[in-house]
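[1] Could you work out the structure for the sequence below:
(2 chains)
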Amino acid sequence: SQQGEEDPQALSIQEGENATMNCSYKTSINNLQWYRQNSGRGLVHLILIRSNEREKHSGRLRVTLDTSKKSSSLLITASRAADTASYFCATDPIYNQGGKLIFGQGTELSVKP
Amino acid sequence: NAGVMQNPRHLVRRRGQEARLRCSPMKGHSHVYWYRQLPEEGLKFMVYLQKENIIDESGMPKERFSAEFPKEGPSILRIQQVVRGDSAAYFCASSSGTGAQETQYFGPGTRLLVL
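    Numbering: from 1, shown residues only, chains lettered A, B, ... in the order given. This is a model prediction of the structure:
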């Protein structure tokens, strides 16, 4: 089954609220990455967290990684309408011959003004 | 520094025709990845290439699909005798390496519609 699985599948919040998205995976990883995709567009890289890191921040984004539970979370603080997009986690499994990423199904975030 | 470039952005083909999708990686990147995204789904890995070499094609369908990354020029994903089920967005990504810190940067995608 899919290596990365996000929940919730869809999330609707008001501007100013925080949004939390979770990702679970099955095999050991080198790193985990979060991407954003606006409707009909390409993917924008948000943040990469290595397997030996537990937490990472970038602006309003906070990512945590728990390798014992094989899970990660993405927190967007003080959300804005412009944050409306689909968010995907992607893992780089240890068994990789190269750097192929395994993507989850994504969380569709809607931020209402 | 230009990002990953893909063309065409949109491609319409009739069943049985060929589709050729092009990807120019970011400057200085020698690793190219192709992914496919079906409607309402996440991206699925297809193939990983370095210059003149296919490193991992475990995600490529066994027939009709091929990829190359020549010494000169862009990477090409070729789909022969397209069928309606090939309709999808095809994304290319590039990176400068494959270490634990390597980020893959994605192009805008080519949206293929098979009539």
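[2] Buried residues of whichever strand or helix holds B:F45, list them for me.
    Secondary-structure assignment from DSSP states H and E places B:F45 in strand B:43-50. Under the neighbour-count criterion of 16 or more other CB atoms under 10 Å in any protein chain shown, strand B:43-50 has B:43, B:45-49 buried. All C-beta spots, glycine's among them, are computed from the backbone N, C-alpha and C.
[3] what sits up against that strand?
    Contacts to strand B:43-50, defined as CB atoms under 8 Å, 6 or more residues apart in numbering or on different chains, come from residues A:43, A:88, A:90, A:97-103, B:30-38, B:54-60, B:65, B:67-69, B:75, B:77, B:91.
[4] Ok, stretch A:104-113 next?
    Stretch A:104-113 is contacted by residues A:2-15, A:17, A:19, A:21, A:23, A:37, A:76, A:79-90, B:41-42 when judged by CB under 8 Å, 6+ apart.
[5] so of those residues, which ones are in strands?
    Judged by DSSP state E, strands contain the following of those: A:5-7, A:10-14, A:19, A:21, A:23, A:37, A:76, A:85-90.
[6] check contacts around the nearest residue to A:A90 once chain neighbours are set aside.
    Setting aside the residues directly before and after it, A:A90 is nearest to A:L101 in space (CB to CB, 6 or more residues apart in numbering or on different chains), at 4.0 Å. Shown in contact with A:L101 (CB under 8 Å, 6+ apart): A:33, A:90-92, B:33, B:35, B:43, B:45, B:93, B:104.
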